[in-house]
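Visitor: Curious how this folds, go ahead:
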Amino acid sequence: MRVLKQTSRTFYIPITLLKPTLKKTVGSAYLCMRAVDEIEDHEQLESETKQYLLRSISKLLKEDPFDESAYSELLAPHQSFLPEVTTRLADWLDVCPDEIVLKVKESTSIMAAGMADWTEKNWIIKTKEDLDDYTYYVAGLVGVMLSDIWEWYDNTKTDYDLAIGYGRGLQAVNMLRNQEEDAERGVQFIPDGWTRADMFAYAKSNLNQAEAYIKDVRTRHILLFCKIPLALANKTLKALEDGQEKITRSEVESTVDEIINK
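Guide: Here you go, the predicted model:
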């Protein structure tokens with residue numbers, strides 16, 4: 001939970017609201033994906049190094065059991081500046097329950113391979129199809145993995161396509177919020193010919209899929225988990241449209257309180 005709090009502003013609070021077994025499962029699963037995400041985003045690693053690491057990790061995650069020593073050897077040349085969440089991937093897999101860990105490894109493996117491909121392309125997004133593909137790998141897969149976890153936990157069945165839309169919606173909001181910062185490092189996530197308004201429409205369309213996704217959830221603590229990031233994303237989108245950089249800490253707290261106490 002300490003590492004989770006350090007690495008996630010969006011998911012830490014809802015994860016703390018889950019029942020113990022699910023809290024441990026979702027927390028470890030999220031950290032597995034964050035472990036590879038930190039490699040894709042790392043400012044000190046060269047593109048070729050990122051590609052090699054991500055593809056190698058993708059292969060290691062397909063093995064059972066996970067080869068912790070091979071993973072440590074892979075990261076050794078870069079150990080000094082990689083974050084804890086990345087160096088401890090084996091620990092997050094150990095925490096994850098045996099009955100669901102293969103699903104977590106599968107989704108994380110697909111994510112790592114997809115991130116490697118997009119790193120090779122230098123994240124150049126030309127079309128909506130490109131944007132859909134990129135947001136699938138970096139966020140939609142989180143939704144797929146969570147749907148697998150809900151079904152394993154108490155047979156809560158949710159729609160995979162809507163889960164992917166949920167992930168895409170959250171990612172699109174992040175892209176809008178970080179557009180200037182991304183541009184400064186030479187990355188443009190908006191397709192050719194699109195305006196910022198088009199990107200807002202893309203985010204809203206996918207967040208509407210998230211609204212549909214949660215209608216299948218009946219378990220209260222899972223429902224709270226799903227509602228909080230969605231509500232925060234919608235409020236952030238409104239704030240961005242109004243010219244603000246983000247929502248305030250007090251707005252985050254009041255939004256969470258409102259959902260919990262409803």
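Visitor: can you pull the contacts of T135?
Guide: 167-168, 171-172 (C-beta atoms under 8 Å, 6 or more residues apart in numbering). To be clear about C-beta, it is placed using only N, CA and C from the backbone, and glycine gets the same treatment.
Visitor: avg pLDDT for the strand or helix carrying it?
Guide: Counting by DSSP states H and E, the secondary-structure element that holds T135 is helix 128-135. Helix 128-135 comes out with an average pLDDT of 98.
Visitor: Beyond that helix, next helix or strand please.
Guide: helix 141-154.
Visitor: Residues contacting that following helix, please?
Guide: 21-22, 25-26, 29-30, 33, 99-100, 103-104, 107-108, 110-111, 114, 156-160, 162-167, 213, 217, 219, 222.
Visitor: Go again with 6 Å.
Guide: The contact list for helix 141-154 (C-beta atoms under 6 Å, 6 or more residues apart in numbering) reads 22, 25, 29, 100, 103, 107, 111, 156-158, 160, 163-164, 166-167, 219, 222.
Visitor: Show me what the helix or strand following that helix is packed up against.
Guide: Using DSSP H and E, the next helix or strand after helix 141-154 towards the C-terminus is helix 160-177. With contacts defined as 3 or more C-beta pairs under 6 Å, 6 or more residues apart in numbering; DSSP states H and E, the packing partners of helix 160-177 are helix 141-154, helix 196-213, helix 220-241.
Visitor: and those, which is most packed in?
Guide: Stretch with highest mean neighbour count among the helices and strands packed on helix 160-177: helix 141-154 (a mean of 21; mean count of other C-beta atoms under 10 Å).
Visitor: about what we covered before: would you mind checking the contacts of helix 141-154 for buried ones?
Guide: 22, 25, 29, 100, 103, 107, 111, 156, 158, 163-164, 166-167, 219, 222 (16 or more other C-beta atoms under 10 Å).
Visitor: Widest-spaced pair of these?
Guide: M111 and T219 (25.5 Å; C-beta to C-beta).
Visitor: buried set for stretch 93-101?
Guide: For stretch 93-101, using 16+ other C-beta under 10 Å, the buried residues are 93, 96-97, 100-101.
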